[in-house]
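Enquirer: only geometry, no sequence info:
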């Protein structure tokens, strides 16, 4: 087992099936009736609305981190991840691409990785 895999397991991140199921649910609901599906309603409103909703959830996550309870933070973090995945779906970006990018960065210093993007 790699160090990265051990770390993911220790952090409770050894459940990629949760994200895969969520991605599949989002894709399945994309063209559903907007009256009965939040995902379909967001898609019907378009990328700018989805992006604003993601921003709203991200701010709520920050607020929860600074002044909320642990439960608040967990809930807002889940909302942020959900809306990020809806936005990625709307833009045609598979969440697996994001995971692959994280894997690519694994073991690379954050400072070095950021410097490589500005070159």
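Expert: Arrived safely, thanks for sending. Everything numeric here is computed off the predicted structure, so don't read it as measured data.
Enquirer: residue ranges in the protein under the pLDDT threshold?
Expert: Judged by pLDDT under 70, the chain has its weakly predicted residues at 1-16, 110, 112-113, 117-119.
Enquirer: okay, which residue is most central for it?
Expert: Closest residue to the average C-alpha location of the chain: residue 81 at 3.3 Å, with CA atoms, centre = their mean.
Enquirer: for that residue, give its distance to residue 57.
Expert: Using CB to CB, to the nearest Å, residue 81 is found at 9 Å from residue 57. Yep, even glycine has a C-beta here, placed from its N, CA and C like the rest.
Enquirer: for residue 51, same thing?
Expert: 11 Å.
Enquirer: who's more crowded, these two?
Expert: More neighbours surround residue 57 than the other of residue 51 and residue 57, with 19 against 15 (other CB atoms under 10 Å).
Enquirer: wait, isn't that one in contact with residue 76?
Expert: Yes - between residue 57 and residue 76 there is a contact under CB atoms under 8 Å: 6.6 Å.
Enquirer: hmm, residue 60 and residue 79 touching each other?
Expert: Yes - look at residue 79 against residue 60 with CB under 8 Å: they come within range, at 7.0 Å.
Enquirer: if anything else comes up later, I'll come back, but that's it for now.
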